[in-house]
Every structure is written in C-alpha cells, then in structure tokens.
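Engineer: give me coordinates for this.
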Amino acid sequence: MAKTGRIQAVDALRGIAAISVAWFHFTQNGGMLGDGWVKAISAYGWLGVEVFFVISGFILPHALHQGSYKLRDYPRFIARRLIRLEPPYLASLAVAIALGYATNLVPGFRGRQFETSASDVLLHVGYLAPLFGVEWIVPAYWSLAIEFQYYLLIGLVFPAISHTRPIVRVAGFAFLSALCVTVPSQLCVSHWIPLFALGIIVYQLRVGLLPPRIFPAVLAIAACAAWLKLGILVALVGTASAVAIAYLQLRSPLACWLGDVSYSLYLLHVPLGERVALASRRIANAHGIAASVVALLVSLAGAYLLNRLVEEPAQRAAAGLRYAGGGGRYSAGQTASDSPAVLQHG
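Structural biologist: Modelled structure (predicted):
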C-alpha cells in the first residue's frame, strides 16, 4: 500500500535519478564496459543529478507552503534540514573513509592510496571542501553542497515566490535570475538556478499561485533559461521532469520504495557500489554488465539498511520540529520527505 500524502511521481523520479547516477558510475569508471550501445546510453546517467535539482526546486517550497512557513522560521527550517539530511550523509562519509583505508590494505592493490585528514573531514561536514581546494572524499557529494546552498536560499526567497501578488513573485524570480547571471561559478547554487526554477514553477502551479493556462508559457521561459545556461540536453531533461511532477499520476509501491531509499543510494553507490563492481570484475572475472548489476543490487541493499537505521530516525526527528505558525509536522513518508543529490546530486 502506498503511503498517504505522497506525490508518487516525485518518488519515481527520485528513484530513477538515483539509479541513473549509480549506473553511470558503475559502467563508465574503471574500464567496466567496452565500447557499445550499453555504455553509450549509460553515459547519460549523470543527468539524474539535474533531475534531483528540479525535484528539490519543487518539493522544498511545497513543504514550506504546507508547513505555513514564515521568514521568522528560517533558523528552524535550516535546523530541520540538517537534522533530516546530515546523519545519513555523515554515516556514508564514515563508510567511505573506512572502506578507503581498508582498500589500502588489500594485497596487490595498485591504485592511488586513500588518505584524508581531520581538517578535510570537517570541511566535508560543512560542504565546504571545494571552496578550500580539497577534493571530495566521494565525488558525488558535490551536488549535496549545491542542495545545501539551495536550502539556505529558498528559506529566504520563499515569501517572495509564494506571495499572493504576482508582481512580488515576478520580483522574486528576477532576483534569482540576477543571482544566476552575476555569480556564474558551478560551485554555487546560482549556476543551477534554472533547474531549481523549473521545480518552483510547478510548485506555484500545484498550490494555485500560477493559473494552469499560463503554466506552459512560464515553463517554456524557464526551459529557455536552462538551455542558455546549461545546454539543450539538460534543459530537455529538466523540463520533462517538471512536466512529470505537474501532470503524471502514478500509484506504485515500488516507486514509493525507490523514493524512500534514493538519498541513501546516492550516498552509498560510490564508496560501496563501485568497489563491489571492481571486485566482481577483477576477482570473479564477471562481465562488465553483470558486475554493474551486482554493484547496483548491493548498493540498494546498503541503501535500505542506511535508510532504516539512520535516515528514517532522522526524518522522524526533523518532523518533530514545528514552525512558529504551528505547521510543518510530517510523517517520514509524506510529501515533506525531501530529496538530496544527489546528486548533489544531488
């Protein structure tokens, strides 16, 4: 039975995005696959991160709207995000460090020796690693930094993009557009604002702030901005994701489950899944596709455990924090169970 209060199209997109990114890493890294149509198609899996950005663009303001958020709730909103997302992130970071050092001890290991420092780890805790020239311990973490910046931003601009007066909402988008133009670095959320904007527009449609007859035109403007900033392929995938959230009706227990574990899958697929894929390939002499499938299955199992043991308790703890207006309390399965990624990308 699907959990109530969920938008299952979002669950499905989360699951597809996380699996796409994982499959991309399994098939493209370490010479896992030779040239061919499977590798060629899998090479587009990185677009799952862009899908996560559109999802966050929608789900965060939607959750704030449902929670009767006001600007005075900003500190509590950030606290909720940290309580919700940091425990599984830090758990995955611990797994990555432990597996990194364990890999150094494997007999015959000829790769680059894993090493890190306490200062590097602390920079990861604050999503600040690239700003100080430190490499991510897990490359996929880069999108989590962008997502966190988006949380800081959306809590401030939400009153504008949710205002009942259209001119105020337009001013809110004008501010986001100016930020996108004036701060172009890919390390900053400003570079990715067109994707988040696609999700925000769907939020406005679903809560009645944007009339359905105007929605296609506004979406087309955001899609053009994404095209100019990020390229035609990213714009097409982002727009398709927004349309799916806006219109797709779906009832699927599998979609709900994939949505539940998508964040944990995104966190674990590199430190856990890539090692499984390489071990299957080199030790068991498995075919590249078979090794990738094994890696995906092991990653899904690890994601399930991380979700049950760490992520769900964190969700419940975050749900216990109410905004001053009295709203903002959700069960772990409801609409306010927000996405990463992944993709970080989240």
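Engineer: and the gap between the closest residue to residue 246 other than its chain neighbours and residue 9?
Structural biologist: Take residue 246 and drop its neighbours on the chain: the residue closest to it by CB to CB, 6 or more residues apart in numbering is residue 202, 4.8 Å away. Every C-beta, even on glycine, is put in place using the N, C-alpha and C of the backbone. Distance, residue 202 to residue 9, using CB to CB, to the nearest Å: 10 Å.
Engineer: what's the answer for residue 41, then?
Structural biologist: Applying CB to CB to residue 41 and residue 9 gives a distance of 23 Å.
Engineer: so the residue nearest to residue 246, which of the three states?
Structural biologist: Here residue 202 is recorded as helix under DSSP: H, G, I helix; E, B strand; the rest coil.
Engineer: quick check: it touching residue 247?
Structural biologist: No. Contact criterion CB atoms under 8 Å: residue 202 and residue 247 do not qualify, at 9.4 Å.
Engineer: which one of the two has more residues nearby?
Structural biologist: The residue with more neighbours, out of residue 202 and residue 247, is residue 202; 29 against 11, by other CB atoms under 10 Å.
Engineer: neighbours of the nearest residue to residue 252 once chain neighbours are set aside, just the number please.
Structural biologist: Of all residues not flanking residue 252 in the chain, residue 8 sits nearest, at 6.1 Å (CB to CB, 6+ apart). By the measure other CB under 10 Å, the count of residues near residue 8 is 19.
Engineer: so residue 8 sits against residue 253, correct?
Structural biologist: No. Residue 8 is beyond contact range of residue 253, at 9.3 Å (criterion: CB under 8 Å).
Engineer: quick check, pLDDT for the nearest residue to residue 127 once chain neighbours are set aside.
Structural biologist: In space, and not counting its chain neighbours, residue 127 is closest to residue 145: 3.9 Å by CB to CB, 6+ apart. Listed pLDDT for residue 145 reads 96.
Engineer: in contact with residue 145, which residues?
Structural biologist: By CB atoms under 8 Å, 6 or more residues apart in numbering, the contact set of residue 145 is 127, 128, 129, 130, 187, 344.
Engineer: ditto for residue 290
Structural biologist: residue 280.
Engineer: tell me which element it is part of?
Structural biologist: Residue 290 belongs to helix 288-306 when assigned by DSSP states H and E.
Engineer: likewise for residue 94?
Structural biologist: With DSSP H and E as criterion, residue 94 is part of helix 74-104.
Engineer: report all helices and strands that that helix contacts.
Structural biologist: Packing contacts for helix 74-104, counted by 3 or more CB pairs under 8 Å, 6 or more residues apart in numbering; DSSP states H and E, involve helix 118-125, helix 142-161, helix 253-268, helix 288-306, helix 312-319.
Engineer: tell me which residues of it are tucked away?
Structural biologist: Residues 76-77, 80-81, 83-85, 87-89, 91-93, 95-97, 99-100, 103 are the ones in helix 74-104 that count as buried (16 or more other CB atoms under 10 Å).
Engineer: for stretch 183-192, same thing?
Structural biologist: Those would be 188, 189, 190, 191, 192, for stretch 183-192 by 16+ other CB under 10 Å.
Engineer: of the residues you listed, which belong to strands?
Structural biologist: With DSSP state E as the criterion, strands contain none of the buried residues of stretch 183-192.
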